[in-house]
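Participant: pasting the structure only:
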């Protein structure tokens, strides 16, 4: 089986990553006074469950808006992270404990 197509795509990916790195396409200078600023913000997804299509729906709206504003020449900052502290982790641990007690490990569904 040939890997030529994969190798070609990896080459294209590396080429554009180098261009983006050299031109600092995805970097913002918050102190810049030379362009209008745009800050894209969303509530970070909690990790008390698996990521699902709803997360993508929320994230892509802000990502598209941020990319559009960048195309218009604005200084865009779109931070992204996961919220992984406190109660969401406790809730996830409690859910797993309940499911293992109820269905076993490995699970034996009725």
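Facilitator: Sure, I can see it. Nothing here was measured: the structure is a model prediction, and the numbers come from that model.

Participant: Residue 78 - how many residues pack around it?
Facilitator: 19 (other CB atoms under 10 Å). Every residue, glycine included, has its C-beta placed from N, CA and C.

Participant: any idea how far it lies from residue 60?
Facilitator: Distance, residue 78 to residue 60, using CB to CB, to the nearest Å: 12 Å.

Participant: Same check on residue 36?
Facilitator: 23 Å.

Participant: Could I get the full set of helices for this structure?
Facilitator: Taking DSSP state H, the helices of the chain run over residues 4-23, 53-71, 87-103.

Participant: Mean pLDDT lowest where, among the ones you listed?
Facilitator: Confidence, taken as mean pLDDT, is least for helix 87-103 of these (a mean of 84).

Participant: next one: that helix to chain centre, how far?
Facilitator: Centroid separation for helix 87-103 versus its chain: 25 Å, with CA atoms, centre = their mean, to the nearest Å.

Participant: what sits against the residue nearest the centre of the chain?
Facilitator: Nearest to the geometric centre of the chain sits residue 80, at 5.9 Å (CA atoms, centre = their mean). Neighbour list for residue 80: 42, 44, 59 [criterion: CB atoms under 8 Å, 6 or more residues apart in numbering].

Participant: Select only the buried ones of these in PyMOL?
Facilitator: Of the contacts of residue 80, the buried ones can be selected in PyMOL as follows, counting by 16 or more other CB atoms under 10 Å:
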select buried, resi 59
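
Participant: Now distance to residue 100 too, for the contacts of residue 80, in a markdown table please.
Facilitator: What follows is the contacts of residue 80, written out as a markdown table (distance: CB to CB, whole Å):
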| residue | distance to residue 100 |
| --- | --- |
| 42 | 33 |
| 44 | 28 |
| 59 | 31 |
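
Participant: Going by distance to residue 1, which of the contacts of residue 80 wins?
Facilitator: Among the contacts of residue 80, residue 59 lies closest to residue 1 (CB to CB), at 34.9 Å.

Participant: show me the contacts for residue 29.
Facilitator: The contact partners of residue 29, taken as CB under 8 Å, 6+ apart, are residue 75.

Participant: repeat that for 10 Å
Facilitator: Contacts for residue 29 (CB atoms under 10 Å, 6 or more residues apart in numbering) come out as 35, 37, 75, 77.
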